[in-house]
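In: model the following, please.
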Amino acid sequence: MTDPPAEELPLREEIFQRMDELTPTERKVARTLLARYPAAGLESTAALAAAAGTSKPTVLRLLARLGFGSYPDFQKRLRTEATRSMSASPLSRARARRPAPSDDSVFCRAVELRAQLVTRLQDTVPPGEIERAVSLLTGRPKHVVVSGGYFSRLIARMLAMQLDQLIPNVDYAGEPLGADVGKYLRAGRDSVAVVLDLRRHELTSREVVSMAKTCGASVILITDESLSPAADEADIVLPVAVDGVPFDSFAALLVLTESLADAVFHGAGEAAVARMADWERSVHIYRAFRGSGAPDSLDRS
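Out: The predicted model follows:
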């Protein structure tokens with residue numbers, strides 16, 4: 001009796017695992033694919049080669065090493081995996097993945113999973129992309145606007161509040177195509193838009209990124225490993241691992257945004273400290289005002 005065929009590894013994981021087998025030039029292509037996965041692989045061979053700083057024959061050699069007979073075969077596999085990942089709902093993942101038998105509690109396994117997601121940030125987020133993002137945010141932009149999706153807006157709001165205490169002219173857009181559209185329309189050159197779009201990706205995010213680019217702003221996109229469709233237009237893409245059962249985990253996303261704010265603090269230097277001092281004085285005044293017996297109606301302002 002023959003053994004059943006081995007389960008096919010996700011393409012991204014296969015590239016990760018086989019990095020040591022690659023030549024230096026092939027490794028450059030592989031890193032480009034992983035840094036902008038899957039968007040980089042959906043471009044032409046010439047575009048992928050140019051992004052990696054190599055040649056079309058190098059791209060094709062890498063694909064041959066991975067077992068693909070042609071570039072269209074590789075792209076077909078890439079699209080299939082991306083579509084499967086984007087269409088997976090929390091309910092479908094909960095049905096498909098059952099906890100493995102273990103002496104550990106469900107809680108302990110959940111904690112371990114999230115710790116692993118955070119650790120993977122070093123693999124999913126290219127250091128150069130973080131450096132470019134920090135450079136944009138600390139380069140005295142005239143305006144910074146931050147928005148998120150259905151759930152990620154919670155993290156987006158927190159990021160906007162932290163950035164606002166470090167650099168001037170930061171806006172949070174809770175309804176970027178609605179009541180807050182003006183915050184994007186006022187963006188222009190020397191403006192930065194930070195957009196969060198995690199699976200299942202939202203059409204709103206792509207529209208917002210397009211609008212920001214049309215206005216002349218630079219766009220930092222924070223997304224998951226399958227990449228938001230908005231990645232095609234973004235200037236900087238920061239992917240995080242979000243796998244979880246039954247819900248995607250924002251553990252790595254929270255660490256990424258907090259670490260980004262931390263890097264902005266250090267990059268802005270004394271200007272950030274001075275702005276935080278202004279904030280602190282305002283908070284003391286507000287708390288003293290509330291403690292003086294001011295009417296509740298004023299507390300809600």
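
In: downstream of the strand or helix carrying residue 211, the next helix or strand is which one?
Out: Following DSSP states H and E, the helix or strand that holds residue 211 is helix 203-214. Going down the chain from helix 203-214, the next helix or strand is strand 218-224, by DSSP H and E.

In: can you list the strands that the helix or strand that that following strand is followed by pairs with?
Out: The first helix or strand that comes after strand 218-224 along the chain, using DSSP H and E, is strand 236-240. According to DSSP bridges, strand 236-240 has the following sheet partners: strand 218-224 (parallel).

In: what sits up against the strand it pairs with?
Out: Around strand 218-224, the neighbours that count as contacts under C-beta atoms under 8 Å, 6 or more residues apart in numbering are 133, 136-137, 152, 191-199, 201, 209, 212-213, 228, 230-231, 233-242, 248, 253, 256-257. For the C-beta atoms, the positions are set from N, CA and C on the backbone; glycine is no exception.

In: pass me the low-pLDDT residue ranges in this structure, would you?
Out: Along the chain, the parts satisfying pLDDT under 70 run over 1-8, 35, 84-104, 284-301.

In: quick revisit: list only buried entries from the contacts of strand 218-224.
Out: Among the contacts of strand 218-224, the ones that count as buried by 16 or more other C-beta atoms under 10 Å are 133, 136-137, 152, 191-199, 201, 209, 212-213, 228, 230-231, 234-242, 248, 253, 256-257.

In: related to what we said a few turns ago, who does the helix holding residue 211 touch, helix- and strand-wise?
Out: When contacts are defined as 3 or more C-beta pairs under 8 Å, 6 or more residues apart in numbering; DSSP states H and E, helix 203-214 packs onto helix 181-185, strand 191-197, strand 218-224.

In: out of those, which is closest to residue 141?
Out: With C-beta to C-beta as the measure, strand 191-197 is the member of the helices and strands packed on helix 203-214 nearest residue 141 (4.7 Å).

In: which other helices and strands contact the closest one?
Out: Using 3+ C-beta pairs under 8 Å, 6+ apart as the contact criterion, the secondary-structure elements in contact with strand 191-197 are strand 143-147, helix 153-164, helix 203-214, strand 218-224.

In: quick one on the thing from earlier: which among the helices and strands packed on helix 203-214 is found nearest to residue 168?
Out: Comparing the helices and strands packed on helix 203-214 against residue 168 with C-beta to C-beta, the closest turns out to be strand 191-197 (12.3 Å).

In: what strand or helix carries residue 129?
Out: Residue-wise, residue 129 maps onto helix 127-138 under DSSP H and E.

In: what about that helix, distance to the chain center?
Out: In terms of C-alpha atoms, centre = their mean, to the nearest Å, the centre of helix 127-138 is set 13 Å apart from its chain centre.

In: again, but for stretch 256-276
Out: Taking C-alpha atoms, centre = their mean, the mean C-alpha location of stretch 256-276 is offset from the chain mean by 19 Å.

In: quick one: stretch 222-238 to chain centroid distance?
Out: The answer for stretch 222-238 is 6 Å, by C-alpha atoms, centre = their mean.

In: start to end distance for that stretch?
Out: When the termini of stretch 222-238 are compared using C-alpha to C-alpha, to the nearest Å, they are 5 Å apart.

In: where's residue 167 relative to residue 261, distance?
Out: Between residue 167 and residue 261 the computed distance is 10 Å (C-beta to C-beta, to the nearest Å).

In: how many residues are close by residue 83?
Out: 11 (other C-beta atoms under 10 Å).

In: hmm, I typed the wrong one, I wanted residue 21.
Out: Residue crowding around residue 21 was assessed by other C-beta under 10 Å; the count is 11.
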